[in-house]
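# predicted model, plus sequence, below.
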Amino acid sequence: MDIRKVVARNLRRTRRAVGLSQEALAEKARVDRSYVSRVEAGKVSVGLDTLAALARALGVAPSELLRDG
């Protein structure tokens with residue numbers, strides 16, 4: 001299991017499901033839009049605080065972004 005790919009897939013799927021653009025998610029989570037893009041591409045590892053902020057902005061538990069499968 002590549003955790004970056006798991007988070008990338010879950011972040012992208014969840015963001016689309018709630019109808020947010022990368023820009024809107026970035027604004028709500030207070031991160032840069034290009035960072036959201038890099039996370040969704042699996043290019044960067046996400047710190048715990050940022051994972052929590054992204055999850056909060058999406059209205060899900062952080063564990064939802066880490067779930068494999």
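Sure thing, it's come through.
# center of this protein, which residue is that?
Compute the mean C-alpha point of the chain, and by CA atoms, centre = their mean the closest residue is residue 11, 3.6 Å away.
# measure that residue to residue 4 for me?
Note on residue 11: its distance to residue 4, by CB to CB, to the nearest Å, is 10 Å. Backbone N, C-alpha and C define where each C-beta goes, glycine included.
# now the end-to-end length of stretch 18-31.
This stretch, stretch 18-31, spans 18 Å end to end (CA to CA, to the nearest Å).
# can you list the neighbours in contact with that stretch?
15, 32-33, 35-37, 40, 50, 53-54, 56-59 (CB atoms under 8 Å, 6 or more residues apart in numbering).
# show me which of those residues are buried.
15, 35, 36, 40, 50, 53, 54, 57, 58 (16 or more other CB atoms under 10 Å).
# my guess is residue 42 meets residue 5, correct?
Yes. Contact criterion CB atoms under 8 Å: residue 42 and residue 5 qualify, at 4.9 Å.
# of these two, who's got more company?
Remark: of residue 42 and residue 5, residue 42 carries more neighbours, 17 against 12, as counted by other CB atoms under 10 Å.
# number of nearby residues for residue 25?
Neighbours of residue 25 (other CB under 10 Å): 22.
# how about residue 55?
Residues near residue 55, counting by other CB under 10 Å, number 20.
# now do the same contact list for it.
Contacts for residue 55 (CB under 8 Å, 6+ apart) come out as 61, 62, 64, 65.
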